[in-house]
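Peer 1: could you work out the structure for the sequence below:
(2 chains)
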Amino acid sequence: MEQAMKRITFAIVLLASLAVTTAAAAQGTWTITQFGGSVDDDTVRTFTQLLKTELSSRTGDGFNKVDTVCEDVACARAAGTKGSVVLYGDLGTLGSKIVVSVTLVDVDSGKVINTQRMAVDRLEDLDSVAERMAEAFVRGASTDETAELGNITAEEAKPARRRDAEHSLGLRLGGIVPLGDAGFAGQGGGVAIDLSYWYEASNFAIAPRLGFRFSADPDDENRFFELPFDIGAYYIIGQADFAPFVGGGAGLRYMSQRVEEGQQVGGIIAATHTSTVSDTAFGFGTFGRVGILLGRTYTVRVAVTADYNIAFLELNGETNPQSFTAGVSVFF
Amino acid sequence: MNHTHIAAVCVAIAGLIILGCSGLDDLADKDPFNNGAAPVCTEEVPEMTGIWVLAGSGSRINCADKALNTTHFDLSSAALKLTASEDSFGNIQFGLAQSIDGFVLEGALDCDAVSFTTTEIFRGDTLSYQWQGEGMGQTLITGTFTGTGPDGCESEGEFRMAKNP
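Peer 2: The predicted structure is shown next:
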């Protein structure tokens, strides 16, 4: 009985040690090389320790530290041990920035498992870099995906830079010629004035616009008024002082017209008179434009433009008035 | 023959005379050509048979189509060939000598007082006018008119109707 108990106890101890050994064998091993770069050694050491701590807390793996400074995969493989992974990296300065680059390599295959880079503008943010990189390496993600409240660096908190463009007010003076019979009181032409905000980049421009078109003779019994409010977008060809452009836009239209018409009531006994018929309408409108931008390299520019316009509305029973406008614009 | 006989004959003759005069008065009222109708017109009566042309001006209100409302319109007509007839009582009616599609004219004369109505179908609407005028001789009538249509319109004005020679 006593002998049996001894054998059972030995078996239990043997099985337990095997479990511990197995568990120990299941843990990974990381090798961290000596990070290089132009940042001072103390900072490098501190960052390396932070990175090791963050990785260790997440994985429970073992870590080996080697003094070899590696700049490539081959060096890193040579510094690592079989069946493990190796980290090599660099902390360099770029002006006022510190650029941290770290690469994780599988020693056996030589495959780069993950590589990350982050830039900070102050040393105090290196602990956030260590935390984000450790999380990225463990999850197989990027440091962008490991951003959380509390580990955002000051550099990331800055608003992104955007390219600026030239913007100016525009004033266009010109004329309007109705196309067809609809909407312009039978008039042959009128005056066109536009106010716009011209936003110009290298190859395109955007311009919201408010326009006024009206009869040339205000005393004429037949008269019209059109007010377009829309946004145009244009493609500018060329960067020189003579630059053609083409584009178009869409928006709202308000139109009114006043027309004198002859009226007849009756045929055998006819009563005739002249009446004034007025109508107003709101609708959607579009336009297409071609033009030439002059003096592009100057802050004050001139443009010569021609438009085709159409308004989708009805005035006095006539639909979709169309017109041609042309004019000269000044941007200042 | 004594005095009594002479007196009786005088009374009889007087009675006959008195009775005869009252009968003449009746005869005078009963013109064999009037047959008890309206008195004979002393004014010159327009000769309605012939070709007449209307002209005038007016105003129109309350039209459903606002463009037809106006303070002034001019009136004109095509040449209207009319024919007149007299009934047994001497009353004169007149109308179109030839029918016109979509147009009706009917009227009557009372000495120099002329009244007639016109009705026309114009673009699916009915135009009606009532004309009241006075003859200025045989070939001219002047007066006023009122009218309705199209579509709620009410009109009024003055007219002049002249006969083509």
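Peer 1: use CA for all of it now, contacts and neighbours both
Peer 2: Noted.
Peer 1: how about the residues of chain B by chain A?
Peer 2: B:54, B:57, B:67-68, B:70, B:72-78, B:103, B:120-122, B:127, B:150 (CA under 8 Å from any CA of the partner chain).
Peer 1: try 7 Å this time
Peer 2: Taking CA under 7 Å from any CA of the partner chain as the criterion, chain B approaches chain A at residues B:A67, B:L68, B:H72, B:F73, B:D74, B:L75, B:S76, B:S77, B:A78, B:F122.
Peer 1: check which helix or strand residue 46 maps to.
Peer 2: Since no chain was named, I'll use chain A. helix A:41-59 (DSSP states H and E).
Peer 1: my question was about chain B
Peer 2: Per DSSP H and E, there is no helix or strand for B:P46.
Peer 1: I'd assumed B:D110 was in contact with B:E134.
Peer 2: No - judged on CA atoms under 7 Å, B:E134 makes no contact with B:D110 at a distance of 9.6 Å.
Peer 1: follow-up on the earlier one: what lies in contact with the helix holding A:T46?
Peer 2: Helix A:41-59 is contacted from outside by A:F35, A:L91, A:L126, A:D127, A:A130, A:E131, A:A134, using CA atoms under 7 Å, 6 or more residues apart in numbering or on different chains.
Peer 1: tally of neighbours for the nearest residue to the fifth one once chain neighbours are set aside?
Peer 2: The reference is to A:A130. In this structure, A:A130 finds its nearest non-sequential neighbour in A:L51, 4.8 Å apart by CA to CA, 6 or more residues apart in numbering or on different chains. Here the count is done by other CA atoms under 10 Å in any protein chain shown, and A:L51 has 23 residues near it.
Peer 1: could you report the pLDDT at A:L51?
Peer 2: Here, the pLDDT recorded for A:L51 equals 91.
Peer 1: hmm, back to that, farthest-separated two in the residues of chain B next to chain A?
Peer 2: B:A67 and B:A78 (24.1 Å; CA to CA).
Peer 1: for A:G95, grab phi and psi.
Peer 2: Dihedral pair for A:G95: phi 70, psi -120, per degrees, to the nearest 10.
Peer 1: need the contact list for the residue nearest to B:M48 when sequence neighbours are not counted.
Peer 2: Once flanking residues are discounted, B:M48 sits nearest to B:A84: 5.8 Å by CA to CA, 6+ apart. By CA under 7 Å, 6+ apart, B:A84 lies in contact with B:M48, B:T49, B:I92, B:Q93, B:F94, B:G95.
Peer 1: tell me which element B:A84 falls in.
Peer 2: Going by DSSP H and E, B:A84 is in strand B:80-86.
Peer 1: how about A:S109?
Peer 2: Using DSSP H and E, no helix or strand contains A:S109.
Peer 1: quick check: the gap between A:K65 and A:G262.
Peer 2: To A:G262, A:K65 is 102 Å away according to CA to CA, to the nearest Å.
Peer 1: more crowded one of those two?
Peer 2: Counted by other CA under 10 Å, A:K65 and A:G262 do not tie: A:K65 has more neighbours, with 17 against 12.
Peer 1: is it fair to say that one lies in a strand?
Peer 2: Yes - counting by DSSP: H, G, I helix; E, B strand; the rest coil, A:K65 is part of a strand.
Peer 1: where does chain B dip in pLDDT?
Peer 2: B:1-40 (pLDDT under 70).
Peer 1: what are the ranges of the helices in it?
Peer 2: If DSSP state H is used as the criterion, the helices of chain B fall at B:3-29.
Peer 1: residue closest to the middle of it?
Peer 2: B:L109 (1.4 Å; CA atoms, centre = their mean).
Peer 1: right, and that one touches B:G95 too?
Peer 2: No - between B:L109 and B:G95 there is no contact under CA under 7 Å: 11.2 Å.
Peer 1: packing partners of the helix or strand A:C75 falls within?
Peer 2: Per DSSP H and E: A:C75 is located in helix A:73-79. Under the contact criterion of 3 or more CA pairs under 7 Å, 6 or more residues apart in numbering or on different chains; DSSP states H and E, helix A:73-79 touches strand A:85-94.
Peer 1: so what are the sheet partners of the helix or strand just after the strand it packs on and their directions?
Peer 2: Where DSSP H and E defines the elements, the next helix or strand beyond strand A:85-94 is strand A:97-106. Paired with strand A:97-106 in the same sheet, following DSSP bridges, are strand A:85-94 (antiparallel), strand A:112-120 (antiparallel).
Peer 1: deepest-packed of the ones you listed, please.
Peer 2: strand A:85-94 (a mean of 23; mean count of other CA atoms under 10 Å in any protein chain shown).
Peer 1: so what's B:G50 bridging to?
Peer 2: Applying DSSP bridges to B:G50 yields these beta-bridge partners: B:L82.
Peer 1: state the distance from it to chain A.
Peer 2: 17 Å (CA to the nearest CA, to the nearest Å).
Peer 1: residues contacting that residue?
Peer 2: So B:G50 contacts B:K81, B:L82, B:T83, B:K163 (CA under 7 Å, 6+ apart).
Peer 1: what sits against the second one?
Peer 2: Listed by CA under 7 Å, 6+ apart, the contact set of B:L82 reads B:M48, B:T49, B:G50, B:I51, B:F94, B:G95, B:L96, B:A97.
Peer 1: coming back round to it: between B:A67 and B:A78, who's got more neighbours?
Peer 2: Neighbour count, other CA under 10 Å: between B:A67 and B:A78, B:A67 has more, with 17 against 14.
Peer 1: ok, that one to B:L127 distance?
Peer 2: For B:A67, the distance to B:L127 - CA to CA - is 17 Å.
Peer 1: just A:M118 next, same as before
Peer 2: 91 Å.
Peer 1: who's in contact with A:F245?
Peer 2: A:Y234, A:Y235, A:I236, A:I237, A:V290, A:G291, A:I292.
Peer 1: strand partners of the helix or strand hosting the first one, parallel vs antiparallel please.
Peer 2: Right, A:Y234. Taking DSSP H and E as the definition, one finds A:Y234 inside strand A:223-236. Counting by DSSP bridges, the strands paired with strand A:223-236 are strand A:204-215 (antiparallel), strand A:242-265 (antiparallel).
Peer 1: redo those strands as CSV? Include mean pLDDT.
Peer 2: CSV is the format used below for the strands paired with strand A:223-236 (pLDDT from 0 to 100):
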stretch, mean pLDDT
strand A:204-215, 95
strand A:242-265, 94
